[in-house]
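Novice: Kindly return the folded structure for what I paste below:
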Amino acid sequence: MGYSSDEQMVRVDFFKPSGKWYTTEAVKWTGAYSSGYILDEFAKSLCDHFGPYHHRLSEFDAICIKPYHQHRHPIQLKAGSWNKK
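Specialist: Reported below is the predicted structural model:
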């Protein structure tokens, strides 16, 4: 089950490089469910979530414990690695 009644909504926690928790956001998983590399799909979801303001929270590590993906497992993207636009 997802983070809300919509299974595509996932919880993403953002941590400072020091490891201190900063904030949590509900992000709609817009990446593919059954195909594609899970980290690329997570990065796509984050970029789509932040839209033209993709630099917001880009200095933090993004962690998703239960991604909406066929091969789900906890994943992490390091600071700056998901906002390549």
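
Novice: how far out from the middle of the chain is the lowest-mean-pLDDT helix or strand in the chain?
Specialist: With mean pLDDT, DSSP states H and E as the measure, the helix or strand of the chain carrying the lowest mean pLDDT is helix 38-50 (a mean of 91). The gap between where helix 38-50 is centred and where its chain is centred comes out at 6 Å by C-alpha atoms, centre = their mean, to the nearest Å.

Novice: what's that helix in contact with?
Specialist: Residues outside helix 38-50 that contact it (C-beta atoms under 8 Å, 6 or more residues apart in numbering): 10, 12, 25, 27-32, 54, 56-57, 62, 64, 67, 69, 71-73, 75, 77, 81-85. Backbone N, C-alpha and C define where each C-beta goes, glycine included.

Novice: Let's see that with 6 Å instead.
Specialist: Counting contacts by C-beta atoms under 6 Å, 6 or more residues apart in numbering, the residues outside helix 38-50 that touch it are 27, 29-32, 54, 56, 69, 75, 82, 85.

Novice: which one of these has the most neighbours?
Specialist: Per-residue neighbour counts (other C-beta atoms under 10 Å) across these peak at residue 29, which has 25 neighbours.

Novice: With secondary structure added, can I get the contacts of helix 38-50 in JSON lines?
Specialist: Supplementary listing: the contacts of helix 38-50 in JSON lines, determined by DSSP: H, G, I helix; E, B strand; the rest coil:
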{"residue": "27", "secondary structure": "strand"}
{"residue": "29", "secondary structure": "coil"}
{"residue": "30", "secondary structure": "coil"}
{"residue": "31", "secondary structure": "coil"}
{"residue": "32", "secondary structure": "coil"}
{"residue": "54", "secondary structure": "coil"}
{"residue": "56", "secondary structure": "coil"}
{"residue": "69", "secondary structure": "coil"}
{"residue": "75", "secondary structure": "strand"}
{"residue": "82", "secondary structure": "coil"}
{"residue": "85", "secondary structure": "coil"}
